[in-house]
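Undergrad: Here's my sequence, what's the structure:
(one chain, ligands or ions: 1)
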Amino acid sequence: MYASFKSIGAYIPEQIRTNQWFVDRMDTTNEWIVKRTGIEQRRIAQEDENTSDLGTKAAKLAINRANIQTTDVDLIICATISPDFLTMPSTACLIAHKLGIKDVMALDISAACTGFIYALNIAKAFIESGMKKNVLIIGAEKLSNIVDYTDRTTCMLFGDGAGAAIISATDDKDKAIVDIQCSADGSLQDLLLTPAPHSSEASFMQMKGNETFKVAVRTLTSDVQKIMENNSYKNEDIDLFIPHQANYRIIKAVGDALKFKDEQKVLTVAKYGNTSSASIPMAINECFEDGRLKNGSTILLDAFGGGLTWGSAIVKFNG
Ligand code: ACO
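TA: Below you'll find the predicted structure:
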């Protein structure tokens, strides 16, 4: 059996928070934020809307678009760093309940911004081993819950949102995910972290932005070079390059180093900011809805996040 990327869905919270919101509250300017990050606005979930609510809405769309029933889903994986509850119950269990799915394995994974690619890799392994047939993977984040709004160097970067996909078994190799590579390096753990509630610090996200930036550009570039070489892929074999949306300057530096054409590069960071594990599926969904992503398109995914974690994937879209 092979794993095929059958459908995509996303949920984008209605409330828009522009850069002016930050200008009104801290020592910053719209020009600084746009020049250093490319971000113009981000979406913020309602107070009573949790990560599992965002994930459930994205999942419903992905299930409908895959033309399957909720009863066909046999594994649920949710990637998040902003779960409804700390450690338990998992957000995946809550999403399963909200979808009315009973008696299936459901778990969360923590790989920060690389979470969706990690989830995709786990789904692929379960399908190729023959253990599961239709895996629901979700990247969902209510980062506004864990952002420190007194830290002007990080708070303007992040937004809320969710994306989901159905990965299904197929015996047609031409429709299969081509390859996924995931990795991690815990020695760089202090670049991005959220202190535990029992520590002396508040449980807000902390980031050494400038150092993270340099490692991100280096790692994302070499990661893509490796997966392309390992699979004998050339730039012209890729329809869309969909990197994690952390910062316009990171995407530009990586895209230029890899010599992708502008029309191949997918950019959503200006509208949504960094939504961590949700950023790649939200971007895939946008390409699907505006017609850039078609059945048979080949997409290249690339992400980097706290841990540190990183990963890339070459995927044939089969939706
Ligand atoms: N407004 C105005 N000035 C600011 C602001 C602000 N909001 N924030 C910082 N500054 C100032 C700093 O104080 C500094 O001033 P100084 O030169 O007088 O000391 C100056 O701007 C430059 O600060 P840097 O931190 O060096 O700015 P940089 O160009 O690195 O941009 C940023 C900061 C946007 C955070 C960038 O480093 C970045 O995007 N980093 C990587 C983010 C990322 O990829 N994260 C990984 C994924 S996230 C995840 O896994 C959850």
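
Undergrad: From here on, just use CA atoms for contacts and neighbour counts.
TA: OK.

Undergrad: Output the contacting helices and strands for the helix or strand where residue 3 lies.
TA: In the assignment (DSSP states H and E), residue 3 maps to strand 2-11. Strand 2-11 makes packing contacts with helix 51-65, helix 115-128, strand 160-170, helix 279-289, strand 309-316 when contacts are defined by 3 or more C-alpha pairs under 8 Å, 6 or more residues apart in numbering; DSSP states H and E.

Undergrad: try 6 Å
TA: helix 51-65, helix 115-128, strand 160-170, helix 279-289 (3 or more C-alpha pairs under 6 Å, 6 or more residues apart in numbering; DSSP states H and E).

Undergrad: Among these, show me which one is buried the most.
TA: Highest mean neighbour count among these (mean count of other C-alpha atoms under 10 Å): strand 160-170, with a mean of 29.

Undergrad: counting contacts, what elements does that strand pack onto?
TA: Using 3+ C-alpha pairs under 6 Å, 6+ apart as the contact test, the elements touching strand 160-170 are strand 2-11, helix 51-65, strand 134-142.

Undergrad: thinking again about what came up before, now distance to residue 89 too, for the helices and strands packed on strand 2-11, in JSON lines please.
TA: Shown next, in JSON lines, are the helices and strands packed on strand 2-11 (distance: least, C-alpha to C-alpha, whole Å):
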{"stretch": "helix 51-65", "distance to residue 89": "11"}
{"stretch": "helix 115-128", "distance to residue 89": "18"}
{"stretch": "strand 160-170", "distance to residue 89": "19"}
{"stretch": "helix 279-289", "distance to residue 89": "24"}
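
Undergrad: Kindly state which of those is positioned closest to the ligand.
TA: Closest approach to the ligand among the helices and strands packed on strand 2-11 (C-alpha to the nearest ligand atom): helix 115-128, 9.2 Å.

Undergrad: now the closest one: how far from the chain's centre is it?
TA: Counting by C-alpha atoms, centre = their mean, to the nearest Å, helix 115-128 is centred 13 Å from the centre of its parent chain.

Undergrad: Please apply the same query to stretch 70-83.
TA: Using C-alpha atoms, centre = their mean, the offset of stretch 70-83 from its chain centre is 14 Å.

Undergrad: That one: end-to-end distance?
TA: 22 Å (C-alpha to C-alpha, to the nearest Å).

Undergrad: same question, stretch 74-82
TA: 24 Å.
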